[in-house]
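J.: Sequence first, predicted model second:
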Amino acid sequence: MSSVAVLTQESFAEHRSGLVPQQIKVATLNSEEESDPPTYKDAFPPLPEKAACLESAQEPAGAWGNKIRPIKASVITQVFHVPLEERKYKDMNQFGEGEQAKICLEIMQRTGAHLELSLAKDQGLSIMVSGKLDAVMKARKDIVARLQTQASATVAIPKEHHRFVIGKNGEKLQDLELKTATKIQIPRPDDASNQIRITGTKEGIEKARHEVLLISAEQDKRAVERLEVEKAFHPFIAGPYNRLVSEIMQETGTRINIPPPSVNRTEIVFTGEKEQLAQAVARIKKIYEEKKKKTTTIAVEVKKSQHKYVIGPKGNSLQEILERTGVSVEIPPSDSISETVILRGEPEKLGQALTEVYAKANSFTVSSVSAPSWLHRFIIGKKGQNLAKITQQMPKVHIEFTEGEDKITLEGPTEDVNVAQEQIEAMVKDLIHRMDYVEISIDHKFHRHLIGKSGANINRIKDQYKVSVRIPPDSEKSNLIRIEGDPQGVQQAKRELLELASRMENERTKDLIIEQRFHRTIIGQKGERIREIRDKFPEVIINFPDPAQKSDIVQLRGPKNEVEKCTKYMQKMVADLIREESNTKIDLPAENSNSETIIITGKRANCEAARSRILSIQKDLANIAEVEVSIPAKLHNSLIGTKGRLIRSIMEECGGVHIHFPVEGSGSDTVVIRGPSSDVEKAKKQLLHLAEEKQTKSFTVDIRAKPEYHKFLIGKGGGKIRKVRDTTGARIIFPTAEDKDQDLITIIGKEDAVKEAQKELEALIQNLDNVVEDYMLVDPKHHRHFVIRRGQVLREIAEEYGGVMVSFPRSGTQSDKVTLKGAKECVEAARKRIQEIIEDLEAQVTIECAIPQKFHRSVMGPKGSRIQQITRDYNVQIKFPDKEENPVHSAEPAVQENGDDAGEGREADPGSPRRCDIIIISGRKEKCEAAKEALEALVPVTIEVEVPFDLHRYIIGQKGSGIRKMMDEFEVNIHVPAPELQSDVIAITGLAANLDRAKAGLLERVRELQAEQEDRALRSFKLSVTVDPKYHPKIIGRKGAVITQIRLEHDVNIQFPDKDDGNQPQDQITITGYEKNTEAARDAILKIVGELEQMVSEDVPLDHRVHARIIGARGKAIRKIMDEFKVDIRFPQSGAPDPNCVTVTGLPENVEEAIDHILNLEEEYLADVVDSEVLQVYMKPPAHEESKAPSKGFVVRDAPWTANSSEKAPDMSSSEEFPSFGAQVAPKTLPWGPKR
């Protein structure tokens, strides 16, 4: 049994009512300065007898109490308190949200009661429930069950008593559950167990257990007796830690049930044998009578926040005081606002008990450390490691982190709290010094892309920059991402995340029409040219169509600006290819030009051919279309086919159109088809036809054919397979390069159509399987071309023409017979190809190209890439001469600084071209000539551009970044003269084709810089405006809001005078920016000043007691009034001469309305204040009021210690007889406790 003296509101009122008359009497004696001091019995009267108490209780409270019966309200209000440790929902992001709020709404809807929740300082939950009694009880039960952590206990009573606990139709059990807010489970009649299980809060379980035992005791065949004992004396009967009552129960064999402190009952129930029960009752009565005679009480004030330290964990501190001193300490209930603690015990022990109460109250302290909330988790550490170090050293210190608050609360023994506070402050200081955080806003739709697959992206950023990145869950739809960690790492991670997001926002897809015959050239041998393009535009993904598709569409995907640049770059490449092919010069308009004219220079026939090519490309680009087709989402997977085979076959067949299906699970039926108009229409028809087939009846058959046969089955331009499809109506799908099974061909359609198509294809395959052997004549002089490099040419023919086997006669024999073996069609195609190669070989010529040796390296390009490209493009062989080790004419090369000089030298002297300058080109004549032009075009030349000297440093850029970017972009070398030369000439060296672009780019940069210089000059216009300094704070606004708005709105800088600078005029405000903007900003400031000059200030007397109510929590109420009436209201500061004077400033009519409003509020609030003060008069014991006359100390006559004449009255100023109570107490303090 527990004996913690925590009183209910009603019982506490009773205890105080017993103290008031005596206190009033003592106060009266003191105040009137009676000559005779009161007797000891007058000052400390014995408690009234039971009968007297009952009689006095029956007397009417007032003169009219017996005439009017009090009317009970039908609506009642109860307040429940759920301590922090018993709260079920502690971790809430925001109070009033989440599961807890939903549960409260459900309870309100189901019971009809009204609930109000509030959070106490100790993080406990206070719940006020209003409504009819029945609704309140039901709501209370639900609150306890769903918002408070549940415990359980069992109580054993005889099986035959269970039905009395249940009651008629279970009414008693329901009533008991409602009253105690618990769940009581009684075993079924067929269950032999006598254990009743109670589930609920600790307090509820105690109440329910007590009630169940009472019911059992009533039904017990043994004697039952009830003894009325005042609640205040229960702790004495129970004894410290319930030892006394346990001892009596053991000695007498009687069961004694003392109601727990939380139950407001006074009767103690005894159950047992009659004789033993009588002994137990007699002993309890004796203890009760003794304590009533010997004990007295004193009341002291202890801060409400310290009550829990006086009570101690599970009431241990109260039990400790009771054990040591024999004094019971009565604490007001937690829902009471009273701070008065009552000590009851023998007079000589009260002093010691009071000392212990104050010692307990002051043994613990509460402190707080300022720490930004974002640092809390770093202070706690991974899995609480950092905090564990502190709590292990000081286990009694409780450290609390509140979500969203910039502080940490510490609670515990004073010394330990101080040590822990120092450690945490040091930790916070260290973290603030080396940690930082930043919040960035990125559209939540990009968050999963930022995280990456299985968190790959975000984990890389975290590891690389040593930061923590907090991305909100998708359910919150929040855009805010928080980065925490090392300041440098935070900034780098922020930059990378923003760049990723920007890239995603700007990402777009573009289709570029490039003739398929140019694709291999653009890709280059082993892909080196496309790698260059990808290195130049790393953010752009370039997809070329499969060669088998015969499609001209190249897809670019990436950031919008980069895609546009890459498009222009590739279009220029195509123009260069056409130029080289047609032997013309093609000039595209500059990037910043609005011109749509392309200039083609060359021979008429060549120009016409190039023009028709360019117009064809334009037509194809203009012909690109995009359509949307609605196909039920349930058919999408079957239309796409296994690994996309089915949809790829449609895209390939229709000229490489792009078909985009919506994301799986989106529920969208829209399929997008993009490509050339005719092909898009064709793809649309096929897609709809296939969908229709899928919805009706679909039949599938797989057949096998060697991969080398596939191209013969498809036919030139897909002619053969199209014929089969048109005649049968079935769809035939060939494997792509990605498919594992390269032999598998799938036929889809209606059953009869599929079988017919299968029959035709199998006939074609059978023809291909019929191997034939044929021969052709090839001149032996050409044999070497086919067999060199381990027969590379023959291998290429075999791969291209269905694995046909070509056998040349052995070297040494003069035979010209070449054997071909394979499928008939393959053999014919291979024969035709060999004939073409022989024609090329017979038409081959060799020409010379003279280029000075010093340019050879530049012409070759990195790793010979440029030469390899020309060799491929023109199908020629190029041989460079060996380096000349000992040049005969050493002076000549020094004079020849470019190709033109060398040319002039040769013209003057026919013998001048040196062997080391001559490059040999072999191939068809026209191809050799074109290759020679291409080689000569690769010789670098230099041009000079006039650029004002003062702009050179801006063109170079920070650490050379500007000039480096231009050199990379235009593939040239730009030489800027040294600053000491003061020269305006910048030299550009590179290929002739790149120089014009480089020059145009450089001049464009010059124009941009000159425009920036002019703009800076215009932005530096200054304007001063004279404004009285008293208006400056209003113009600046709260936290600079007003002036910031003006700055942003007019794009100007506004400078206020420095208050500390005595030489500077204090009324001058300087505005800097464009002239027009500065004038607009000046007008805006003068407008504010004009409004301020019209304002008036008026003082209004307002009772200082209502100021706090009018201001409201954190100034919320007064801000609302100021916003509503557009006025400024100033309250007096503490210590002001007139604490009631409030100043209202604003326009006259607004000021009058605001004053009327606050005076009405004063009248309303003042009535509440007066009522509260009247109530306080009755609530406060008069004995606590300060005596007007100087106190002479507390003196009584006929005290017990004066019975013996040798004893003297205690010296109240003696620290020995009246020791310190744990805190400094003034020597003249009244014995009832500190003054309020």
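T.: Structure's in. What do you need? Residues are numbered from 1 along each chain as shown.

J.: going forward, measure contacts and count neighbours with C-alpha atoms only.
T.: Fine.

J.: For the host helix or strand of His1157, list every residue counted as buried.
T.: For His1157, the element it lies in under DSSP states H and E is helix 1148-1179. Residues of helix 1148-1179 classed as buried under the neighbour-count rule (16 or more other C-alpha atoms under 10 Å) are Pro1148, Asn1150, Val1151, Ala1154, Ile1155, Ile1158, Glu1162, Tyr1165, Leu1166.

J.: Near the closest residue in space to the first one that isn't next to it in sequence, how many other residues are there?
T.: Put plainly, it is Pro1148. Closest residue to Pro1148 apart from its sequence neighbours, by C-alpha to C-alpha, 6 or more residues apart in numbering: Val1096 at 6.0 Å. Neighbourhood size, Val1096 [other C-alpha atoms under 10 Å]: 15.

J.: Val1096 contacts Glu1149, doesn't it?
T.: No - in this structure Val1096 lies outside contact range of Glu1149 using C-alpha atoms under 8 Å: 9.7 Å.

J.: Point out where the stretch 651-800 of the chain drops to low pLDDT.
T.: In the predicted model, the stretch 651-800 of the chain carries pLDDT under 70 at residues 655-656, 663-667, 694-698, 716-717.

J.: what about Ala1041, how many neighbours?
T.: Ala1041 has 12 nearby residues by other C-alpha under 10 Å.

J.: I misspoke; the intended subject was Gln306.
T.: Gln306: 18 surrounding residues under other C-alpha under 10 Å.

J.: Also Arg557?
T.: Arg557 has 18 nearby residues by other C-alpha under 10 Å.

J.: so how far is His1050 from it?
T.: 39 Å (C-alpha to C-alpha, to the nearest Å).

J.: all strands for the stretch 1051-1200 of the chain, in order.
T.: Along the stretch 1051-1200 of the chain, counting by DSSP state E, counting those that start in this stretch, strands occupy 1053-1055, 1068-1073, 1096-1101, 1128-1130, 1141-1146.

J.: Can you redo those as a markdown table, where the extra columns are distance to Glu652 and mean pLDDT?
T.: Listed next are the strands of the stretch 1051-1200 of the chain as a markdown table, based on distance: least, C-alpha to C-alpha, whole Å; pLDDT from 0 to 100:
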| stretch | distance to Glu652 | mean pLDDT |
| --- | --- | --- |
| strand 1053-1055 | 61 | 89 |
| strand 1068-1073 | 60 | 90 |
| strand 1096-1101 | 82 | 87 |
| strand 1128-1130 | 75 | 88 |
| strand 1141-1146 | 77 | 89 |
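
J.: Now distance to Gly718 too, for those strands, in TSV please.
T.: Formatted as TSV, the strands of the stretch 1051-1200 of the chain follow (distance: least, C-alpha to C-alpha, whole Å):
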stretch	distance to Gly718
strand 1053-1055	70
strand 1068-1073	68
strand 1096-1101	91
strand 1128-1130	84
strand 1141-1146	86
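
J.: Of all the ones you listed, which one is nearest Cys916?
T.: Nearest to Cys916 among the strands of the stretch 1051-1200 of the chain is strand 1068-1073 (65.3 Å), distances taken as C-alpha to C-alpha.

J.: and Ser152, helix, strand or coil?
T.: At Ser152 the chain is in strand, as set by DSSP: H, G, I helix; E, B strand; the rest coil.

J.: ok, now which ones touch it?
T.: Counting by C-alpha atoms under 8 Å, 6 or more residues apart in numbering, Ser152 makes contact with Arg197, Ile198, Thr199, Gly200, Thr201, Ile205.

J.: on that earlier part again, and the helix holding His1157, what does it pack onto?
T.: strand 1096-1101, helix 1107-1111, helix 1116-1125, strand 1141-1146 (3 or more C-alpha pairs under 8 Å, 6 or more residues apart in numbering; DSSP states H and E).

J.: Among the ones you listed, which comes closest to Ala1011?
T.: Ranking these by proximity to Ala1011 (C-alpha to C-alpha) places helix 1116-1125 first, at 46.2 Å.

J.: neighbouring contacts of the closest one?
T.: Outside helix 1116-1125, the residues that touch it by C-alpha under 8 Å, 6+ apart are Ile1110, Ile1111, Gly1112, Asp1128, Ile1129, Asn1150, Val1151, Glu1153, Ala1154.

J.: now with 6 Å?
T.: The contact list for helix 1116-1125 (C-alpha atoms under 6 Å, 6 or more residues apart in numbering) reads Ile1111, Asp1128, Asn1150, Ala1154.

J.: Show me the helices in the stretch 651-800 of the chain, by range?
T.: Assigned by DSSP state H, counting those that start in this stretch, the helices in the stretch 651-800 of the chain fall at 677-695, 710-714, 719-728, 751-769, 783-800.

J.: Adding distance to Lys1116 and mean neighbour count, write the ones you listed out as a markdown table.
T.: Formatted as a markdown table, the helices of the stretch 651-800 of the chain follow (distance: least, C-alpha to C-alpha, whole Å; neighbours: other C-alpha atoms under 10 Å):
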| stretch | distance to Lys1116 | mean neighbour count |
| --- | --- | --- |
| helix 677-695 | 64 | 17 |
| helix 710-714 | 80 | 18 |
| helix 719-728 | 79 | 16 |
| helix 751-769 | 79 | 17 |
| helix 783-800 | 84 | 14 |
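
J.: so which of those comes closest to Ser1020?
T.: Closest among those, once you apply C-alpha to C-alpha, is helix 677-695, at 55.2 Å.

J.: which helices and strands sit right next to that closest one?
T.: For helix 677-695, there is no helix or strand it packs on, judged by 3 or more C-alpha pairs under 6 Å, 6 or more residues apart in numbering; DSSP states H and E.

J.: of the buried residues of helix 1148-1179, closest to Gln814?
T.: Nearest to Gln814 among the buried residues of helix 1148-1179, with distances taken as C-alpha to C-alpha, is Asn1150, at 118.5 Å.

J.: Excluding chain neighbours, what is closest to that closest one?
T.: Computed as C-alpha to C-alpha, 6+ apart, the closest residue to Asn1150 that is not its neighbour in sequence is Phe1125, at 5.7 Å.

J.: cool, Pro881 as well?
T.: Cys916 (5.3 Å).

J.: Let me know the pLDDT of that neighbour.
T.: What the model reports for Cys916 is a pLDDT of 83.

J.: Please tell me how far it sits from Pro852.
T.: Cys916 is 8 Å from Pro852, by C-alpha to C-alpha.

J.: of those two, who's got more company?
T.: Pro852 (22 against 19).

J.: which stretches of the stretch 1-150 of the chain form helices?
T.: 9-32, 40-43, 50-58, 99-111, 133-147.
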